[in-house]
Structures are given as structure tokens and as C-alpha cells.
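1. here you go, sequence then predicted model.
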There are 2 protein chains.
Amino acid sequence: MKRVAIQGGLGAYHGIAAENFFVGDEVEIVPCTTFKDIFTGIKKDPNLIGIMAIENTIAGSLLGNYDLLKESKLPIAGEFKQRVSHCLAVLPGQTIHDVKEVNSHPIALMQCVDFLETIPGIKVVEHEDTALAARDIATKQLKGVAAICSVRAAEIYGLEILARGIETNKHNFTRFLIFGNKWIVDEIQKDEVINKSSIVFTVPHNEGSLSQVLSVLSFYHINMTKIQSLPIIGREWEYQFYVDVKFDNYERYQQSLVAIRPLISDLKILGDYPEGRQSEN
Amino acid sequence: MKRVAIQGGLGAYHGIAAENFFVGDEVEIVPCTTFKDIFTGIKKDPNLIGIMAIENTIAGSLLGNYDLLKESKLPIAGEFKQRVSHCLAVLPGQTIHDVKEVNSHPIALMQCVDFLETIPGIKVVEHEDTALAARDIATKQLKGVAAICSVRAAEIYGLEILARGIETNKHNFTRFLIFGNKWIVDEIQKDEVINKSSIVFTVPHNEGSLSQVLSVLSFYHINMTKIQSLPIIGREWEYQFYVDVKFDNYERYQQSLVAIRPLISDLKILGDYPEGRQSEN
């Protein structure tokens, strides 16, 4: 039995991704109100596992979640790439002509912006979670209000689906990271091959300093799958780098970290983990 | 007289940044509903100048705006880094205890999340623009509703300011890009020293391919100030790169582009421009 803390309610994409990641295991979803609450939850209950969206093919990286993970020092256990397809759900009997307001998570709203433009005058209201937006419509019997949520959430809360696949881009994947205390991560990773890592570091603002670091990594046959420079809070327009790397040889990867250390500062390993699967649909 | 199209209404941060960028010139602000509308506006009126937020020290890059700029082929004329400080504004006579709902642009809402957490049960409603959220409260005489907007917007629309500097992080800068048709850009850049460029390119998913490109740039004394890998829509988890570079010698920069061209594909120059100033406050 895996107990997994997610932001959002039952039927949220985080829960769907958790079940897909732990396929074959029994999963108990522990709903949390905010991403921060997941970390508070793990502090109180050290055996709890966390799952959190980290980037989306449309919205890009969730910078705040990177910060939370870095500050928590909880290692990454793995990743899962979940296809995200939204529907528009309402109380049974309501039609598209009744809908005056739509509630959902800001990123889901952003992903459906083209669909929303087809409903003139609709009021767009942020909700903390896609699934909880659906639940609120059901429990408060909100007429004239639609949720953008997963088909699963619409079904759980007994809503009627007015439109499916309303996301602008059909290649809409979200990458989720699974994390927890070290002994939990060790257990999850047992018998797995570690071939990926997420690291953060700062380089001096000199010409070529990043290219030196990346050259050294490439000499060690470390392949970069993602890079993002991030403003350092308080030092505007200076940057630190979030980098994801892939490798075949874990020892070589460890050696490459030793080799780049003198060229960088503030190196933090967010986690070494096996490259994740992608959901079928 | 500069006519500058912005997303948002009078008192929006885009307009404040435009006036700061063109300091000394008379500026006429042309409000638009969406970022897309700025580009439609320039198509209809080729002398119009556009300004658009491209990254924020808190929210990161605005990926959609990068796409708009790339598709439009309109070159960047320059950049301006604007300090963004929000206030909470209401109808005169209303107090914080009356506020049941807050309206603002999603990024402004995100930037004030800690402040909003101090108002229990407040309903957070997305608005297309910070300044228009303020205007709506004034014109519709909305009681119980507050806007998160600039002090300027609160003043323009006669609202009372309940709290100032409510953004979580006080080092909150937004980088704006100014763009337009080539002859307009040439005029804006007259007598300016070009020392910065924003480029986009794709590299094959081979080990070390990005590090080769960055090495070549560093051999030519081109300094990278920003890098971001971006998912390529339709080719999930493959990436293209948005890179900002700085240089002292324009000819060397041109030569470096010739040198990296065989290593990359789909190179697009979003613009060559002078490094921008930063607002005082």
C-alpha cells in the first residue's frame, strides 16, 4: 500500500499520475490543499510519498514547485509523464447555454484558452484544483457553472460532460515527480536502474562558464534533456540553472559531478532516479 | 509621438514600461484585449509599436509570448526591466473586511499569493488585466471586490488603496520586449549600440550537441544571459532552446551565428537590440 499526498481532490490529474506510476500497487490518495501542504504532510508523517507536477508541454516549468523541492531536501524517487485531457463538466441537465462561469486550476484554464474563447462573455474563475472545482459544483449544486477537469473527476462527482478533449494542444503532457524521505525513495527505487538526475547549480556570470560545465558533462557522456536558467531572487538578472541529465553509467555520472564542481557553486542534487514512463493516453 | 499597443488598459504595467522605455518621447498607449491583438493591430497599422512581457523574476518566462513573437517575425527593438509592485484597491469607503473577492491578472495573483492567504475565504477571480480589473470595479461600482493593480491604475480609476507592496517578493521585475516592423525598429535603434540578441534554435537530441553550440559561442566571446529549453509541440520531450546573448562586437556575433549554423537547425533571430535599462522602483 502506497500512501501518496497530492494537491487537489479525488479525480485530480496528480492522483491519476500517482496510480499510473505505482501501477500494480494499491495506492491511497491523500488530498492536500496546496503543494506546500504536501511537504508539511510528509514532515508530520515521514512515510508519506509526495507527487507534484514539475513541467508541462504547454505551460513550461512550474518554478515554484522546483523551489519547494529544493528547500525540502526530499529526494526525487521517479517521474511520470501523464497525458492531460480536459473536459467541460456541469450539473446533469445543464447545457452549454446555461454556462456563465467556468472554474478550474489556472494552468488548466490556460490550456483550454481557445475553447473558452468560443463561449462569449464567460467568467473565468480560478480554483485551487480541477477535481475540487468539479466537486464544488456537485456538492453546492451550482447551476450556470462548469468545471474544467478530468473525465474521471466528472464521473466521480456525478457531473455531465458537455465537451471532451477541450485542451488547445492535443500533445499536452505533464511531467510529475515522485518524492519522499530517503528510506522511502530507496524502497521505491529497489531493483530499478538509475539513469536520470535533476540538478541545480549556479555559475559565475562570465562568458563561457556554462559552456565549460556542459562540455565537461558531454566528455563524460552525460546527455542533457532539459535546461532552464532561473533568475536568482534578490539578484535580478543573474541566473542559476536547473538541468536534467540522462546517462548509461551511474559511476561516470558521479565522476562528472566531481569534475564540474570546481566550475560551479551551490550544486544541489534534487534526485537520481530511473527515467519515467509516459501514459498511454 | 510613439503609438504603443499594450495588452491591458490605462495604468497597466505594460503602459508604465512603455513610457519608461520611451522616456522623453510623447507616448500614446493603444489598449488591446489580448497579446494576440497587439500583433493583429500592427498588421492593420504597420506604424504601431508593440510591447509585451517576456519573463518575470517570479513567474519565469511567458512561453506563449515567445511563440507569438516568433510566429509574427516582427523584430525586437529593445527591452525594459520594470519593477512591478502591486496594491490592493477597492471602491472608496470599502474596508478589508468588505472584500470577498479579488480580481486581477493570473500572474499578479500568483505574485501576491502570500498576501491573499492572509484573507481567509477570499474568492480569486482571473481578469485579463490588472488595470482593467480596477476599471471594472470603478465603472460597475462593485462592492466587496478588490483589484490587484498598479498604484497608477488605482489612481486613474479613483479607487482607494487598502495595501501597498503586497507582492510576495520585493525583487519583482518583469522584462518587457518592444517590437514592430523593421523600419520602426531601425528608427528606434538609431544611434544605439546593439549588444544583445534573442535567438531560438533546435539541436539534435545527441549527447553534447548543446554544449558544442555554447562552446562555439564562447570562443567568439558571446556571453549567454539566459537559456531555456522548450518542449517542441507535437514532439513531446524534445526541446528547442531560447537563448539571450550579449556581446561587445557585433561583427563577432554575426560570425558566431555562421559558426553555429551547421550544428543547429531552425535558427530564428527574434531580434538584435541594445541591452535595456531597469526602472528605478
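-> Looks like it came in fine.

2. what backbone torsions are found at the spatially closest residue to A:Thr139 that is not a sequence neighbour?
-> Excluding the flanking residues, the one nearest A:Thr139 by Cβ to Cβ, 6 or more residues apart in numbering or on different chains is A:Tyr157, at 7.9 Å. All C-beta atoms are positioned from the backbone trio N, CA, C, and that covers glycine. Per-residue torsions, A:Tyr157: phi -100, psi 10 (degrees, to the nearest 10).

3. for A:Gly64, give its distance to A:Glu71.
-> To A:Glu71, A:Gly64 is 11 Å away according to Cβ to Cβ, to the nearest Å.

4. ok, A:Lys196 next?
-> Here A:Lys196 is placed at a distance of 22 Å from A:Glu71 (Cβ to Cβ).

5. with A:Glu117 instead?
-> From A:Glu117 over to A:Glu71 (counting by Cβ to Cβ), the distance is 38 Å.

6. over to A:Ile178?
-> Distance check for A:Ile178 against A:Glu71: by Cβ to Cβ, it reads 18 Å.

7. mind checking which of those two has more residues around it?
-> When A:Ile178 and A:Glu71 are compared for neighbours, A:Ile178 comes out ahead with 25 against 11, by other Cβ atoms under 10 Å in any protein chain shown.

8. looks to me like the more buried one is in a strand.
-> Yes - assessed with DSSP: H, G, I helix; E, B strand; the rest coil, A:Ile178 lies in a strand.

9. how about it, what does it touch?
-> Listed by Cβ atoms under 8 Å, 6 or more residues apart in numbering or on different chains, the contact set of A:Ile178 reads A:4, A:18, A:21, A:49-51, A:76-80, A:188.

10. please name the nearest non-neighbouring residue to A:Glu19.
-> Using Cβ to Cβ, 6+ apart, the closest residue to A:Glu19 is A:Val27 (5.2 Å).

11. state the pLDDT value of that neighbour.
-> pLDDT recorded at A:Val27 is 95.

12. give me the neighbour count for it.
-> 18.

13. for it, phi and psi?
-> Dihedral angles for A:Val27 - degrees, to the nearest 10 - are phi -120, psi 130.

14. across the sheet, point out what pairs with it.
-> In this entry, A:Val27 is beta-bridged to A:Lys2, by DSSP bridges.

15. who's in contact with it?
-> Per Cβ under 8 Å, 6+ apart, neighbours of A:Val27: A:1-4, A:18-19.

16. if we go to 10 Å?
-> Contacts of A:Val27 were listed using Cβ atoms under 10 Å, 6 or more residues apart in numbering or on different chains, and they are A:1-4, A:15, A:18-21, A:49, A:51.

17. got it, and A:Glu192?
-> Contacts of A:Glu192 by Cβ under 10 Å, 6+ apart are A:77-78, A:273-275.

18. who wins for neighbours among the residues you listed?
-> Greatest neighbour count in the contacts of A:Glu192, by other Cβ under 10 Å, goes to A:Ala77: 26 neighbours.

19. for it, what is the enclosing helix or strand?
-> Following DSSP states H and E, the helix or strand that holds A:Ala77 is strand A:76-83.

20. beyond that strand, next helix or strand please.
-> Using DSSP H and E, the helix or strand that follows strand A:76-83 in sequence is strand A:87-90.

21. other SSEs contacting whichever helix or strand comes after that following strand?
-> Once strand A:87-90 ends, the next helix or strand along the chain (criterion: DSSP H and E) is strand A:101-104. Counting contacts by 3 or more Cβ pairs under 10 Å, 6 or more residues apart in numbering or on different chains; DSSP states H and E, strand A:101-104 packs against strand A:87-90, helix A:106-111, helix A:113-117, strand A:123-126, helix A:130-139, strand A:145-149.
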